[in-house]
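J.: Output the structure for:
(one chain, ligands or ions: 1)
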Amino acid sequence: MTELAEYKMLIDGEWIAAEDGKSFNSLTPATGMPWATIPEATANDVDRAVKSAHQAFSVGPWSKATPTERGRYLRKLADLLAEKSEELGRVESIDTGKMLKETRWQAKYIAEFFYYYAGCADKVHGDTMPIDKSDMCVFTMREPLGVVAAVVPWNSQLFLVAVKIGPALAAGNTVVLKASEHASAAMLEFGKLIEEAGIPPGVVNIVTGHGDPCGRILTSHPLVQRISFTGGPDTAGHIIQNSKENFAEVSLELGGKSPFIVFDDADLESAVNGSVAGIFGASGQSCVAGSRLYLQDTIADKFLEAMVEQAKNIEIGDPLEDSTQMGPLATTAQLDRIEIEVDYAQEEGGKLLHGGKRPSNLGSGWYYEPTIIECADQSNRIVDTELFGPVLSVLRFRTEEEAINHANDTKHGLAAGVFSKNGARSLRVAKAVRAGIIWVNTYRVVSPIAEFGGFKGSGYGRESGFQAIYDYTRPKTIWVNTSEEPMSNPFTMR
Ligand code: NAD
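T.: Numbers count the residues shown, from 1 in each chain. Next up is the predicted model:
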């Protein structure tokens, strides 16, 4: 048997095992076999991490670093990320089953987020007020919040770390990161770069373990001032409950069931490619997966023929191989759930156009075929259930109005795609669809410069973009009396 990689947590600048020595195995989705051990943090471990972050924030080196110096640390971190993208991508691929060609590219691009926030660090400022009182000078300063608890799911550990800690550190906060129990290794590898970049001990701590106790204790800790959460809606409910203990500000990036609307005047080849990338990229395990396809009836048959043809030719297999186009799912629980939902969709009248099963030739890995189901009706359960897998539901529409109504008939509101060569129509639809990100004639593109986040059940708060750094600060209003006169007697109003 091959030896398991043994990971440790980063607390107060030290690499440590759990206080009671407990750990759990991380399994690699390509085979379903254990490949690494991860510490199961105790309540004391989490407490130590938060206290260390609090110390670094309030009296330690981070409290003394100027914004420009913080920017320099982030730039160094970005350089290291770009340099080490191959190694980081490999670990993330082994741990999550995502394709190496995607994770290595992502690790490299993530450096751009740190460069961006490095540049933002010394451009955050308050305002002066044209106050309605004489002899008063009033202005605001933007101050960091304190300890940020950043809790992430497994599907994009490094990307999610970047969009959270980039603005948080740039603004002067310190952070305790909680890795997902399903894939913690890439984040712990990233922790080594924090050290190498010379970021002082306690500024970034990384704890590992399950949602309860590790995540619960972290997000309800009295010293935590801000919770930045990405994950599922049920956990988001717990996070809000936990924040009752510390009144921390909360941002939630939750799931989606994003509509992908194709009009009959669209470039069909481009729209098919966009839809394939939108739903089968990362094996559909993406919060912005374009998992609800709406096709104008006049082009639907032609579109589906091309889409099924592409789906048939997708190379499923080992995520470390460059020839692979779709890797496994990250957990067996997900695979089981997808099977149940795909069966149920067919019971509700859905027509299976492709896929719908595990491939027979890929051993014990957690693979599932790219699956396309033409639904009988918008009310079918699969149409508004996030599956987080390579499963596409399809419906036809006749008019623009019908497409918009279907797109908005959901509890989610993260993203949407619109394909049409008619610019006015694209813009009308983009304005009418209730979602935080609308891609027109493109899909699944992100940038450090563009805000990201959802409407409705997809959460609140925004990540990326300049505004995100303000969300990790709060204003302090300072009133200065510039008069030479003493303050008047409060009981004789003038
Ligand atoms: P999850 O909600 O199960 O877990 C997310 C994190 O929360 C994990 O680290 C987990 O340990 C922690 N957690 C669980 N219970 C907790 C508790 N009681 N208190 C504190 N922390 C707790 O999510 P998942 O299944 O790992 O990930 C999939 C979900 O994430 C999907 O819904 C997906 O759409 C969403 N997601 C959203 C975005 C986005 O940016 N909008 C990005 C990626 C994933």
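
J.: Residue ranges in the chain under the pLDDT threshold?
T.: Applying pLDDT under 70 to the chain flags residues 1, 493-494.

J.: Which residues of it lie near the ligand?
T.: Taking C-beta under 6 Å from any ligand atom as the measure of proximity, the chain contacts the ligand at 151-156, 178, 180-182, 210-212, 215-216, 219, 230-232, 235, 238-239, 242, 253-255, 287, 386, 388, 414. C-betas here are computed from N, CA, C, even on glycine.

J.: For stretch 108-126, give me every contacting residue.
T.: With contacts defined as C-beta atoms under 8 Å, 6 or more residues apart in numbering, stretch 108-126 is touched by 66-68, 70-75, 77-79, 81-82, 85, 89, 139-142, 158-159, 161-163, 166-167, 169-171, 447-449, 464, 466, 469-470, 473, 475-476.

J.: that older thread, show me how to select, in PyMOL, the buried members of the residues of the chain next to the ligand.
T.: Buried members of these, defined by 16 or more other C-beta atoms under 10 Å, are picked up in PyMOL with:
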select buried, resi 151+152+153+154+155+156+178+180+181+182+211+215+216+219+230+231+235+238+239+242+253+254+255+287+386+388+414
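
J.: and the residues of the chain next to the ligand, which of them are in helices?
T.: Among the residues of the chain next to the ligand, the members found in helices (DSSP state H) are 216, 219, 235, 238-239, 242.

J.: which ones are touching the closest residue to the ligand within the stretch 51-200 of the chain?
T.: Closest to the ligand within the stretch 51-200 of the chain is Pro153: 2.9 Å, counting by C-beta to the nearest ligand atom. When contacts are counted by C-beta under 8 Å, 6+ apart, Pro153 touches 160, 180, 182, 230-232.

J.: Now it. Nearest residue, chain neighbours left out?
T.: Nearest-residue entry for Pro153: Gly231, 4.5 Å, with adjacent residues in sequence omitted and distances by C-beta to C-beta, 6 or more residues apart in numbering.

J.: Secondary structure element holding Phe57?
T.: Using DSSP states H and E, Phe57 falls within helix 43-58.

J.: gap between that helix and the chain center?
T.: Chain-centre distance of helix 43-58: 24 Å, with C-alpha atoms, centre = their mean, to the nearest Å.

J.: any idea which helix or strand comes after that helix?
T.: Going down the chain from helix 43-58, the next helix or strand is helix 61-64, by DSSP H and E.

J.: Could I have the CA atoms of the very next helix or strand once past that following helix written out in CSV?
T.: For helix 61-64, the following helix or strand on the C-terminal side (DSSP H and E) is helix 67-83. Taking C-alpha atoms only, helix 67-83 is exported to CSV below (Å, rounded to 0.1, in the frame of the first residue of the first chain):
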residue,chain,number,x,y,z
PRO,A,67,-1.3,49.4,3.5
THR,A,68,1.6,49.7,1.0
GLU,A,69,3.5,47.0,3.0
ARG,A,70,0.4,44.8,3.0
GLY,A,71,0.3,45.2,-0.8
ARG,A,72,3.9,44.1,-1.0
TYR,A,73,3.2,40.9,0.9
LEU,A,74,0.3,40.1,-1.4
ARG,A,75,2.4,40.7,-4.5
LYS,A,76,5.1,38.3,-3.2
LEU,A,77,2.4,35.7,-2.5
ALA,A,78,1.1,36.2,-6.1
ASP,A,79,4.6,35.7,-7.5
LEU,A,80,4.9,32.4,-5.6
LEU,A,81,1.5,31.2,-6.7
ALA,A,82,2.3,31.8,-10.3
GLU,A,83,5.6,30.0,-9.9
